[in-house]
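Q: After the sequence you'll find the predicted model.
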Amino acid sequence: MTVQTPTSTTPTPATPTRELSTVDVPRGLAGVVVTETRVGDVRGREGFYHYRQYSAIDLAEQRGFEDAWRLLLDGSLPVDAAERAAFTAETLAPRRLPDELRPLLAPVAHGVGANGPLAGLRALLPIAAGLRGTRPLYDTDPDGRRADALYVSALAPTLITALHRVGQGLEPVEPREDLGFAANYLYMLTGQEPTPEHARAIEQYLTSTIDHGFNASTFTSRVIASTGADLAACVVGALGALSGPLHGGAPSRALDTLDAIGTPERAEAWVRERVLSGERIMGFGHPVYRTEDPRSRMLRSVAERLGGGFSELAVQVERHVLDALTELKPGRELFTNVEYYAGVVMDQCGVPREMFTPTFGAARIVGWCANILEQAEDSKIIRPAARYVGPTPPQPLPTLA
């Protein structure tokens with residue numbers, strides 16, 4: 001005979017959940033290691049940064065943008081011309097503007113107004129990804145994720161330049177398959193094929209800005225990727241972080257400094273007055289580097305190679321600023337950063353100032369995508385804690401009058 005045990009109707013007490021221990025960290029997560037990465041790193045005290053195992057500056061000086069792009073995407077440089085050509089061929093078709101997006105260019109370009117092409121890109125990129133059938137990273141295999149990353153990275157410059165031109169009352173310029181990434185970007189932006197000197201200068205700038213550690217926008221892209229969202233959503237989030245003036249808006253402001261000074265003779269007095277009054281001089285100082293920014297050093301040589309009065313003024317003003325900062329702010333370790341000469345180089349190559357940050361973004365998307373693909377390999381969602389400092393709970397609800 002089977003004896004049935006009566007089922008108790010008394011709820012079983014819940015097992016107490018164990019609270020995770022918390023760790024206090026510096027504001028802004030400064031110096032906090034949150035993960036491991038194979039993409040690259042910044043060694044601020046040495047004045048050095050790298051993409052995977054190679055110096056980023058060596059890549060900018062000795063290789064083209066497509067080589068660095070392949071390195072970030074696939075983990076290795078092309079070993080010969082055939083491999084380089086094969087990768088470049090992969091990037092050509094995704095450059096083309098989808099026909100479905102053409103009617104949207106004008107309303108988006110005019111709708112975002114002064115917010116510019118990067119704001120328009122945040123609107124159009126999810127639509128382009130949807131048209132393509134892009135799925136969440138969580139539901140996509142590594143080959144599919146790579147294809148999505150290649151598509152977004154290749155299409156973004158076309159969208160950025162098209163939005164700019166339409167906003168200026170001009171027709172978009174179709175990409176050319178016979179031009180490399182940098183030359184094609186300048187061509188789509190200006191409507192004129194750039195000189196080899198200008199194309200190479202912009203290529204060196206773009207290559208030097210692909211990735212730079214766990215900055216705000218890169219970290220944002222990885223946080224979103226940790227949720228399993230689609231790749232375009234991750235890039236759009238990073239673009240939102242980049243739109244803040246504390247992150248991506250300094251190159252044009254650095255040129256405003258040069259405009260205000262005007263001539264080398266006025267530089268020393270102008271700089272000393274600003275430093276003594278406590279004003280920040282844009283283009284100097286960096287949250288990571290405690291020595292000369294290697295990107296600035298490289299771009300200074302590019303600016304000097306391009307020549308012209310503006311480049312000469314920039315070099316002279318830099319000298320006065322550094323002398324004044326050394327004298328008036330001893331021990332502060334303030335050096336020229338990338339934004340200073342980035343603005344000079346882009347200006348010399350015909351990039352309008354309102355397109356400085358979008359140009360930077362066109363390159364940085366490649367780095368974001370590399371970080372997104374790496375983050376997608378980890379199934380752990382990024383979910384930190386916060387310390388509550390509001391009124392003590394629980395309090396009785398007030399009676400509604």
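A: Perfect, thanks for sending it.

Q: switch to C-alpha atoms for all contacts and neighbour counts from now on
A: OK.

Q: Quick check: Gly167 vs Ile160, distance?
A: Separation of Gly167 from Ile160 (C-alpha to C-alpha, to the nearest Å): 11 Å.

Q: Sorry, wrong one. I was asking about Thr207.
A: 18 Å.

Q: What is the burial count for Val345?
A: Per other C-alpha atoms under 10 Å, the neighbour tally for Val345 reads 28.

Q: could you point out which element follows whichever strand or helix holds it?
A: Following DSSP states H and E, one finds Val345 within helix 338-348. In the C-terminal direction, the helix or strand that comes right after helix 338-348 (DSSP H and E) is helix 356-376.

Q: tell me what that following helix is packed against?
A: Contacts defined by 3 or more C-alpha pairs under 8 Å, 6 or more residues apart in numbering; DSSP states H and E place helix 356-376 against helix 65-74, helix 116-132, helix 142-167, helix 196-208, helix 216-225, helix 231-242, helix 250-261.

Q: just checking, what packs against the longest one?
A: Looking back up the chat, that one is helix 142-167. helix 81-95, helix 102-112, helix 116-132, helix 181-190, helix 231-242, helix 356-376.

Q: How about residues contacting the first one?
A: Pointing back at helix 81-95 there. 66-67, 70, 78, 150-152, 154-158, 175, 177 (C-alpha atoms under 8 Å, 6 or more residues apart in numbering).

Q: Could you check which of Gly167 and Ile160 has the larger neighbour count?
A: It is Ile160, of Gly167 and Ile160, that has more neighbours when counted by other C-alpha under 10 Å, with 26 against 23.

Q: In space, what's closest to that one - neighbours in sequence excluded?
A: Once flanking residues are discounted, Ile160 sits nearest to Pro117: 5.3 Å by C-alpha to C-alpha, 6 or more residues apart in numbering.

Q: In contact with the one you found, which residues?
A: So Pro117 contacts 109, 159-161, 163-164, 355, 358 (C-alpha under 8 Å, 6+ apart).

Q: Could you rerun that using 10 Å?
A: 108-110, 123, 159-167, 354-355, 357-359 (C-alpha atoms under 10 Å, 6 or more residues apart in numbering).

Q: Please report how far it lies from Leu246.
A: Distance from Pro117 to Leu246, by C-alpha to C-alpha: 18 Å.

Q: ok, now Ala56?
A: In terms of C-alpha to C-alpha, Ala56 sits 23 Å off from Leu246.

Q: And for Val108?
A: In terms of C-alpha to C-alpha, Val108 sits 25 Å off from Leu246.
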